[in-house]
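Colleague: I need the structure of the sequence given here:
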Amino acid sequence: MILPKKIFVFVVVMLTLIMSSCSNGSGSLGGGPKPLVTITMENGGVIEVELYPDKAPNTVNNFISLINNKFYDGLTFHRIEPGFVIQGGDPEAKGTGGPGYRIKGEFSDNGFGKNDLEHTAGVISMARQNEPLDSAGSQFFIMLQDNSYLDGKYAAFGKVVKGTDVINKMVEDYQAKSNTDYAKMKTVTVNTYGVNYPEPEKIK
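Modeller: Numbers count the residues shown, from 1 in each chain. Reported below is the predicted structural model:
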């Protein structure tokens with residue numbers, strides 16, 4: 001069937017707008033691929049994490065920005081608590097360091113209602129101080145087990161999709177202290193599949 005000229009032009013315009021929004025907006029728009037982070041450990045292990053900009057957009061922007069600036073390269077998972085979390089992203093490896101700024105906490109206890117991602121095993125979330133709530137910067141943690149107590153209190157923003165065995169081995173090596181490189185991140189990269197994620201909104 002041949003469409004009338006006006007309808008044909010309308011269809012072409014709409015398809016162009018849809019394709020444009022998919023290529024320039026968030027990776028979650030239009031069902032496109034989500035950002036994929038690759039953490040390559042010093043010992044060769046690889047952990048892949050899928051990010052969810054629809055859950056915590058500024059948190060994802062911040063993580064991608066830090067990765068692109070090679071902030072995490074060479075840092076360690078300075079906190080390893082078997083049965084709970086592994087935590088990294090502190091340039092001082094003491095649990096108190098950061099990038100020199102803070103970001104808003106995207107979780108319900110801080111008045112941010114969009115983020116319903118639960119803290120189940122493999123979920124990545126932002127570490128922060130008890131107060132203020134807007135105190136996250138660069139430190140993040142990965143859940144080793146489900147812990148619903150953290151839901152709504154911390155900004156979860158992605159999940160491990162590959163490398164659970166690497167994480168488990170890291171915990172085992174930490175307990176046995178058998179490998180000095182068990183917790184060191186050699187490189188951290190991100191594939192945004194051509195989507196441009198803006199710089200995060202920062203709190204000085």
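
Colleague: what are the buried residues along stretch 143-162?
Modeller: Across stretch 143-162, burial judged by 16 or more other C-beta atoms under 10 Å covers 143-144, 147, 150-160. All C-beta atoms are positioned from the backbone trio N, CA, C, and that covers glycine.

Colleague: how far off centre is that stretch?
Modeller: 11 Å (C-alpha atoms, centre = their mean, to the nearest Å).

Colleague: that stretch - what's its average pLDDT?
Modeller: Regarding stretch 143-162, the rounded mean pLDDT is 98.

Colleague: can you list the buried residues in stretch 193-204?
Modeller: V195, Y197, P200.

Colleague: swap that for stretch 104-122, please
Modeller: Neighbour count says stretch 104-122 has K104, G105, E106, F107, N110, F112, N115, L117, H119, G122 buried, by 16+ other C-beta under 10 Å.

Colleague: could you dump it to CSV, C-alpha only?
Modeller: Output of stretch 104-122 as CSV, limited to C-alpha atoms (Å, rounded to 0.1, in the frame of the first residue of the first chain):
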residue,chain,number,x,y,z
LYS,A,104,23.8,13.9,45.9
GLY,A,105,22.6,10.6,47.4
GLU,A,106,20.1,9.1,45.0
PHE,A,107,18.1,6.9,47.4
SER,A,108,14.7,7.1,49.1
ASP,A,109,15.9,8.1,52.6
ASN,A,110,17.4,11.2,50.9
GLY,A,111,14.1,12.1,49.1
PHE,A,112,15.1,10.5,45.8
GLY,A,113,12.2,8.2,45.0
LYS,A,114,13.2,6.8,41.6
ASN,A,115,15.8,4.3,42.8
ASP,A,116,14.2,1.0,43.8
LEU,A,117,17.2,-1.2,43.1
GLU,A,118,17.6,-3.6,46.0
HIS,A,119,20.9,-4.5,47.6
THR,A,120,21.1,-8.1,46.5
ALA,A,121,24.3,-10.1,45.9
GLY,A,122,26.3,-8.5,43.0
